[in-house]
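Trainee: what would the 3D arrangement of this be:
(one chain, ligands or ions: 1)
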Amino acid sequence: MSKFEVTPTAISDVKVIKPRAFEDPRGYFMETYTRSELVPLGVDQVFVQDNQSLSRDIGTLRGLHYQLPPFAQDKLVRCIRGRIWDVAVDIRRSSPTFRQWVGVELSADNRLQLLVPVGFAHAFLTLEPDTEVVYKVSAGYSAAHDAGIRWDDPDIDIDWPLPSSQPVLSAKDGVLPALSDAIVFD
Ligand SMILES: Cc1cn([C@H]2C[C@H](O)[C@@H](COP(=O)(O)OP(=O)(O)O[C@H]3O[C@@H](C)C(=O)[C@@H](O)[C@H]3O)O2)c(=O)[nH]c1=O
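Mentor: Numbers count the residues shown, from 1 in each chain. Alright, predicted model coming up:
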């Protein structure tokens with residue numbers, strides 16, 4: 001029996017991954033990423049860096065972010081404390097699902113992971129205070145290749161479950177361009 005369940009979302013390249021947890025009276029144990037188990041299930045990305053962030057306020061929104069080639073990144077995202085609404089937007093111009101998005105709640109409790117491949121912009125909104133997110137990426141960080149799209153672009157129209165009228169944003173995320181003005185993937 002596999003130690004992971006991999007389920008495609010409405011945009012099939014974006015996948016939800018659920019690790020199998022071995023529960024016992026102490027709690028549980030689970031493998032959170034095992035390449036040899038995941039490659040046969042179609043998750044063959046090679047990850048080279050692990051990232052972690054803490055967002056103190058509920059309603060903190062990070063994104064929409066991506067890196068351009070040759071530093072484009074696949075991401076494997078999970079939430080280890082609190083809850084997030086995790087979103088991937090298809091920004092591959094030639095894709096039949098260009099501009100479409102999928103959103104999945106990831107939490108410390110549900111232990112789900114979202115695979116966000118190259119060609120997608122990624123963002124998350126925290127649904128609880130003190131939320132910690134951990135994610136693997138398939139290319140290193142390059143500030144020169146860092147790119148983003150505004151979280152509230154009406155051409156994308158993400159249905160954010162905002163806990164108040166405005167999210168908490170970084171200064172950088174407050175001035176991101178619309179998708180129509182952004183450099184995207186072919
Ligand atoms: C992403 C990243 C940032 N940094 C630095 C740059 C900056 O000084 C500080 C904070 O960076 P940011 O404001 O870009 O962090 P943040 O807004 O959390 O950016 C992240 O958002 C989510 C949604 C993603 O998908 C990630 O790929 C990443 O873009 O950390 C690194 O050194 N390495 C990295 O890999």
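Trainee: up against the ligand, what does this structure have?
Mentor: Contact residues (Cβ under 6 Å from any ligand atom) of the chain with the ligand: 51, 53, 62, 63, 65, 75, 122, 123, 124, 141, 170, 172. For glycine as for every other residue, the C-beta is placed from the backbone atoms N, C-alpha and C.
Trainee: among those residues, who's most crowded?
Mentor: Tallying neighbours with other Cβ atoms under 10 Å puts residue 124 at the head of the residues of the chain next to the ligand, with 28 neighbours.
Trainee: pull the contacting residues for that one.
Mentor: For residue 124, the contact set (Cβ atoms under 8 Å, 6 or more residues apart in numbering) comprises 61, 62, 63, 77, 84, 85, 86, 87, 106, 133.
Trainee: coming back round to it: can you put the residues of the chain next to the ligand in CSV and add pLDDT?
Mentor: CSV is the format used below for the residues of the chain next to the ligand (pLDDT from 0 to 100):
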residue, pLDDT
51, 98
53, 98
62, 98
63, 97
65, 98
75, 98
122, 98
123, 98
124, 98
141, 98
170, 98
172, 98
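Trainee: in strands, which of these appear?
Mentor: 51, 53, 62, 63, 65, 75, 122, 123, 124 (DSSP state E).
Trainee: how near is residue 22 to the ligand?
Mentor: According to Cβ to the nearest ligand atom, to the nearest Å, residue 22 and the ligand sit 30 Å apart.
Trainee: what lies in contact with stretch 38-57?
Mentor: 2, 4, 6, 15, 17, 33, 62, 74, 76, 80, 115, 117, 126, 129-141, 168.
Trainee: mind giving me the PyMOL select for those residues, buried ones only?
Mentor: Filtering those down to the buried ones (16 or more other Cβ atoms under 10 Å) takes a single PyMOL command:
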select buried, resi 4+6+15+17+33+62+74+76+115+117+126+131+132+133+134+135+136+137+138+139+168
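Trainee: so who does the residue located most distally from the centre of the chain touch?
Mentor: When each C-alpha in the chain is compared with the mean C-alpha position (Cα atoms, centre = their mean), residue 25 comes out farthest, at 32.0 Å. Residues in contact with residue 25 (Cβ under 8 Å, 6+ apart): none are found.
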